Every structure is written in structure tokens, then in C-alpha cells.
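Enquirer: give the three-dimensional model of this entry:
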Amino acid sequence: LNNKQIIKWNSQVPNRTNTNEDTWRIPNDNKKQYNLHMKTNVILAALVLYTGIAFSQKLKGSDTVLPLAQKEAESYMKTNKGAKVNVTGGGSGVGISALVDGTTEIAMSSRKMKLTEKMKLSDGGKATKETIVAYDALAIAVHPSNKVSQLTREQLEGIFTGKIKNWKEVGGDDLAIVVYSRESSSGTYDFFKEHVMSNKNYASSVLSMPATGSIIQSISQTKGAIGYVGLAYIEKHVKALGVSFDKGKNFVVPSMVTAKNRTYPIVRPLYYYYLTTSEKAVKPFVDYCLSAEGQKIVETIGYVPLTK
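Expert: Numbers count the residues shown, from 1 in each chain. Just a heads-up that it's a prediction; the model follows:
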């Protein structure tokens, strides 16, 4: 029922002296149409509430968090028939930008939110909440045929900054090193630069890949390749190296056990960020991810649950 119809019908009411809502009347020939219209709206509203469409939510961001969030969303929707959760990747920076723009309810991130990102949200009058949903061991992957089985943090820094260019410089064959990295929008890119490279710049020769899966595929097909990936992505077509953060005294290979007991040196938290104004809507899903059932999925996928 639109305003023009109301005005038209008002004009048909004899001796009309009041336009208050409680006094206007609909002509008899239009009452059936109006009643049907109102009943349809009520039914549609009830369906929306019943099916949970009104609470449909989007997760966007980290490709590291992506397989975990997808599995948890799938399990959550099976348990909560009315719920709808859409999960897409693109990188931590992409997810946080979407949160700033209001195009996602939850930003998935493999790094902490940057000050510049916090300022953008603050300038827009938006407050956020940070929740750690799991931990991840960042593995150093090479081609399975590579003779090198371990590297120090200093050697990794040299490789990714371009100072070390050949595998023979670190005990391997006389073979050029082909370095793969994530794009700068990736939280893994930032985390690796800060925690492994001491904030030094990546070499210009480093090949930037749009997704972790692309790095795995490239390394599996390139004998001289090296790259970093989340532990959950390690499979038989690549080899994970032992890493030392104490100048070669102790080398530890990434695994669920070494990640849990923190003997492996490159372990990081994985985050969900959401607006405080959206907390009521997203809390059921976030709580599910933090529950015993949700944390069981964390370990099944290959990440480290919050409790050891």
C-alpha cells in the first residue's frame, strides 16, 4: 500500500476531517487487495525470521584462515539450519578493508590489525573486537628433491632479501634459488617480514603469489623453489624444513606437536575481527568456533587449537 493509494482512498471517504492513522478508512473495493498485501508481508517477515536470512553473515580475508573458516561454517550451518555463512579469501588486508567498507561482518586475519587500519575504523566511528580463533605454524617449504633439510632464521632472511641466491651457499646443490611469497595484502607476508626477516624488505626478484595454494603448486613444480605456507597446506608434493631461531643450535620441523608445545619457532595466532555493533549477530558463530566442537575442527584441518 503506497502513499498515492492512501491519498486516493482518503479522498473517497466522505466528510473526512482527520488524516490520523486511526481514522482513515479503505474503500470496500480495495479492502481485499489491502488485506492480502498485509498478510503476504507478515508471512514473508515470518519466513525471514524463521530461516535466519536476516542473520546471514560474510567472512572475508586471510587465505590461511580460509580452509578453517570454511569447514567451521559448513559444520555450523548443519547444526543451525537457519544460519547462512559465506566465506571468501583474498588476504588479511582485503578482509580488513572490507570490514572498514562495511562489506563483510567478520575479517579473517593471520596478523594483528595495523595502526593505520584501526585509525580508518576509528575515523568512521567504528569500534572493533579482536578474537583469536586458532594458532598456525608457518612452515618453510621446498621441492622434495632439495638436499637442504634445515635453515637458520639468518639464512632465511638472506634468501628472502636476495643476499643468498644459490642453494650451494646453504649446503645444497649448485642451483638458483627461486623465492615465492604472498602478495603484500597478505597477513602472512607481513608476519614473515616482521618475525623472520627482522622487517627487512623482500628482494625485488621474489615472486608474489595471489594465494597459498599457488605457492604450493609452484614449489612442487620447481626444484629450486622455496616459500612459506601455513602448516595445514603442507602435503607430499613439498617438503617442510627444520628451522632454527638460535643460530643453528636447535632445528625444529613444523608439526602439530612442535606447534602445540611451541618448540617450533614460527607460530602465530589467527584472528577474527568484527565491529562491536555487529557482535550480537556474529557471536553465535564465533562462539561455535571457540567451542570444543569448533576447536576440534581446528586440529582436524591442521591448525593448533587454543588449548594445548
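
Enquirer: run through the stretch 151-300 of the chain and note the low-pLDDT ranges.
Expert: Within the stretch 151-300 of the chain, the set of residues satisfying pLDDT under 70 is empty.

Enquirer: so where do the helices sit in it?
Expert: Secondary structure of the stretch 151-300 of the chain, counting by DSSP state H, counting those that start in this stretch: helices at 153-161, 187-195, 212-221, 256-260, 279-290, 292-301.

Enquirer: distance to R268 and mean neighbour count added to those helices, as JSON lines?
Expert: For every residue, glycine as well, the C-beta is placed using N, CA and C. Formatted as JSON lines, these follow (distance: least, Cβ to Cβ, whole Å; neighbours: other Cβ atoms under 10 Å):
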{"stretch": "helix 153-161", "distance to R268": "15", "mean neighbour count": "20"}
{"stretch": "helix 187-195", "distance to R268": "6", "mean neighbour count": "22"}
{"stretch": "helix 212-221", "distance to R268": "14", "mean neighbour count": "19"}
{"stretch": "helix 256-260", "distance to R268": "10", "mean neighbour count": "17"}
{"stretch": "helix 279-290", "distance to R268": "17", "mean neighbour count": "17"}
{"stretch": "helix 292-301", "distance to R268": "14", "mean neighbour count": "16"}
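
Enquirer: minimum distance to I132: which of these has it?
Expert: helix 279-290 (9.0 Å; Cβ to Cβ).

Enquirer: what sits up against the closest one?
Expert: With Cβ atoms under 8 Å, 6 or more residues apart in numbering as the test, helix 279-290 has contacts from 55, 57, 69, 72-73, 75-76, 79-80, 83, 85, 105-106, 129, 131, 133, 272, 274, 294-295, 306.

Enquirer: in a strand, that's where K126 is, yeah?
Expert: No: if the criterion is DSSP: H, G, I helix; E, B strand; the rest coil, then K126 is coil and not within a strand.

Enquirer: find the nearest non-adjacent residue to it, please.
Expert: Counting by Cβ to Cβ, 6 or more residues apart in numbering, L275 is the residue found nearest to K126 once chain neighbours are left out, at 5.4 Å.

Enquirer: now that neighbour, which residues is it bridged with?
Expert: Note on L275: beta-bridge partners by DSSP bridges are T128.

Enquirer: next up, the contacts around the residue nearest the centre of the chain.
Expert: Centroid-nearest residue in the chain, with Cα atoms, centre = their mean: M108, separated by 2.6 Å. Each residue near M108 by Cβ under 8 Å, 6+ apart is listed here: 59-62, 65-66, 69, 87, 89, 92, 95, 270-272.

Enquirer: check what pLDDT K58 gets.
Expert: On pLDDT, K58 comes in at 97.

Enquirer: and for K249, the neighbour number?
Expert: 8 (other Cβ atoms under 10 Å).

Enquirer: again, but for A98
Expert: Using other Cβ under 10 Å, A98 is surrounded by 20 other residues.

Enquirer: same deal with the one 5 residues further on?
Expert: In terms of burial, T103 registers 11 neighbours under the definition other Cβ under 10 Å.
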